[in-house]
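>>> coords please:
(4 chains)
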Number of protein chains: 2
Amino acid sequence: MPDLLTIGELSARSGAAPSALRYYERLGLIRADRTGGNQRRYARAELRRVAFIRISQQVGVSLDEIREALDSLPEARTPSPQDWARLSASWRSRLDERIRLLSRLRDDLDGCIGCGCLSLQRCTLNNPGDTLAGEGPGARLVLPRPTDAPTPARSLG
Amino acid sequence: MPDLLTIGELSARSGAAPSALRYYERLGLIRADRTGGNQRRYARAELRRVAFIRISQQVGVSLDEIREALDSLPEARTPSPQDWARLSASWRSRLDERIRLLSRLRDDLDGCIGCGCLSLQRCTLNNPGDTLAGEGPGARLVLPRPTDAPTPARSLG
DNA sequence: CCTTGAGTTGAAGTGCACTTCAACTCAGAG
DNA sequence: CTCTGAGTTGAAGTGCACTTCAACTCAAGG
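Next up is the predicted model:
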């Protein structure tokens, strides 16, 4: 009844490349049994883990953080729907925050950059308060400084 | 009246590190005049370009695409508000799409992963139609294959 | 004039998330 | 038994967006 999956099957089902699955295993995100011939065999529960990994990435979570989340799952038993619900919920506020920021950015694109005032006064993208007061005069983007944000931004769901 | 900015000043105003500004220059995203002593001096218009770059990154656009967009600006004159409005508008649909996908993901987090059915049947995160029919049985995540998406997903506003 | 902070360069390094490679073995069909 | 496609490994490579470094020069105040 275990009904084990080969790496190729797990790859096809999860959408992750075999090389990515091996990489996840190295990082401790998933695990596999081995056949007598040293080939990986995945329990069906691993499929759910990979699904969680890929969805979490869409939310903008790093593999390191995903690993921490997965580490909080019970090791003794197969994680229950409630276990997964708890993990998923933990990304929820993050997702909300990201949606909120993007929505605000969209509004600003219409109302501020759209009008060409980009980086000038009275723009919502500029410092509206005085949080940067004392650092000298002049308008500043409200975007986080490099020290605050890991910055790298590639195409993301 | 040029009122030129040093790299330090542009950095402070734009939120981009000096090393990032030099990097943008190497990629042809911004330009700088030089003093007799070979130091960079930026026209105020460059501030707007850097603002556009950083905002575009928030939208999830690569520097390469941003360069292409900036290349479409008139070289002869200082870009007008209309020019910026046009560029900004070109990201709009992208931003909308990203917000839409994230919103859908949030709904799925509540309705599908939240219930623990992750990667199983009747889940909106699974193939709802038959776009993958013929590739064998079994549920599949709807997330794009590695070949379709550059994948890397770090924290992103 | 001296000092100090800000700026200059090319080359190399970083971090993440993988992918590719070469050289090899395994598993299942015929 | 043979063939082929799928799997194995560690090491190295990739792509993006930068950062860091060493060694140096410049600019401005005292």
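>>> Low-confidence stretches in chain A?
Within chain A, the stretches with pLDDT under 70 are A:1-2, A:112-157.
>>> Kindly recompute the last result at 90.
A:1-3, A:55, A:58-60, A:75, A:78-95, A:97-98, A:100-157 (pLDDT under 90).
>>> Which residues of it lie near DNA strand C?
Contacts of chain A with DNA strand C, taken as Cβ under 7 Å from any atom of the strand, map to A:16-17, A:19-20, A:22-23, A:35-39, A:57, A:62-64, A:152. Just so you know, the C-beta spots here come from the backbone N, C-alpha and C atoms, and that holds for glycine as well.
>>> quick check: domain ranges of chain A?
Following automatic domain parsing, one gets these domains for chain A: A:7-113, A:117-150.
>>> Just name the most buried of these.
With neighbours defined as mean count of other Cβ atoms under 10 Å in any protein chain shown, those peak in mean count at domain A:7-113, which reaches a mean of 17.
>>> Any residue of it touching DNA strand D?
Yes. Domain A:7-113 lies within reach of DNA strand D by Cβ under 7 Å from any atom of the strand, at A:7-9, A:11, A:18, A:22, A:32, A:38-40.
>>> coming back round to it: which one of the residues of chain A next to DNA strand C is nearest to B:W91?
Minimum distance to B:W91 across these is 17.8 Å, recorded for A:P152 (Cβ to Cβ).
>>> In chain A, spot the helix with the most residues.
Counting by DSSP state H, the longest helix found in chain A is helix A:81-108.
>>> could you check the angle helix B:81-108 makes with that helix?
If you take axes from the mean of the first three to the mean of the last three Cα atoms, to 10 degrees, helix A:81-108 sits at 170 degrees to helix B:81-108.
>>> From the contact counts, what lies against helix A:81-108?
Helices and strands touching helix A:81-108, by 3 or more Cβ pairs under 8 Å, 6 or more residues apart in numbering or on different chains; DSSP states H and E, are helix A:44-59, helix A:63-71, helix B:44-59, helix B:81-108.
>>> what angle sits between it and helix A:63-71?
Relative orientation of helix A:81-108 versus helix A:63-71 (the same axes, to 10 degrees): 150 degrees.
>>> what angle separates helix A:81-108 from helix B:44-59?
Interaxial angle of helix A:81-108 relative to helix B:44-59 (the same axes, to 10 degrees): 150 degrees.
>>> Looking at chain A, which residue is nearest DNA strand D?
DNA strand D sits closest to A:G8 of chain A, with a gap of 2.5 Å, by Cβ to the nearest atom of the strand.
>>> Please tell me how far that residue sits from A:L63.
Counting by Cβ to Cβ, to the nearest Å, the gap from A:G8 to A:L63 is 22 Å.
>>> ditto for A:R86
Using Cβ to Cβ, A:R86 is found at 20 Å from A:L63.
>>> Could you do A:N38 as well?
According to Cβ to Cβ, A:N38 and A:L63 sit 25 Å apart.
>>> check contacts around A:E46.
If a contact means Cβ atoms under 8 Å, 6 or more residues apart in numbering or on different chains, then A:E46 has A:5, A:10, A:30-32 as its contacts.
>>> could you redo the last one with a cut-off of 7 Å?
Residues near A:E46 by Cβ atoms under 7 Å, 6 or more residues apart in numbering or on different chains: A:10, A:30.
>>> What of the one 3 residues further on?
The contact partners of A:R49, by Cβ under 7 Å, 6+ apart, come to A:29-30, A:70.
>>> Hmm, A:R54 and A:G15 touching each other?
Yes. The criterion here is Cβ atoms under 7 Å, and A:G15 meets it with A:R54 at 6.5 Å.
>>> Point me to the residue of chain A nearest DNA strand C.
A:G37 (2.2 Å).
>>> Report the secondary structure element holding that residue.
A:G37 belongs to no helix or strand when elements are defined using DSSP states H and E.
>>> Next, the spatially closest residue to A:A32 that is not a sequence neighbour: phi, psi?
The shortest distance from A:A32 to any non-neighbouring residue, by Cβ to Cβ, 6 or more residues apart in numbering or on different chains, is to A:R40 (3.9 Å). For A:R40, the backbone dihedrals (degrees, to the nearest 10) come out as phi -70, psi 140.
>>> quick one, what contacts A:R40?
A:R40 is in contact with A:7, A:32, A:34, counting by Cβ under 7 Å, 6+ apart.
>>> mind listing what A:D3 touches?
The neighbourhood of A:D3, defined by Cβ under 7 Å, 6+ apart, consists of A:R44.
>>> Repeat the analysis, applying 10 Å as the threshold.
Counting by Cβ atoms under 10 Å, 6 or more residues apart in numbering or on different chains, A:D3 makes contact with A:41, A:43-44.
>>> ditto for A:A69
Taking Cβ under 10 Å, 6+ apart, one finds A:29, A:52-53, A:56, A:61, A:86-88, A:90-91 in contact with A:A69.
>>> tell me the contacts of A:T35?
The neighbours of A:T35, taking Cβ under 10 Å, 6+ apart as the test, are A:4, A:6, A:41.
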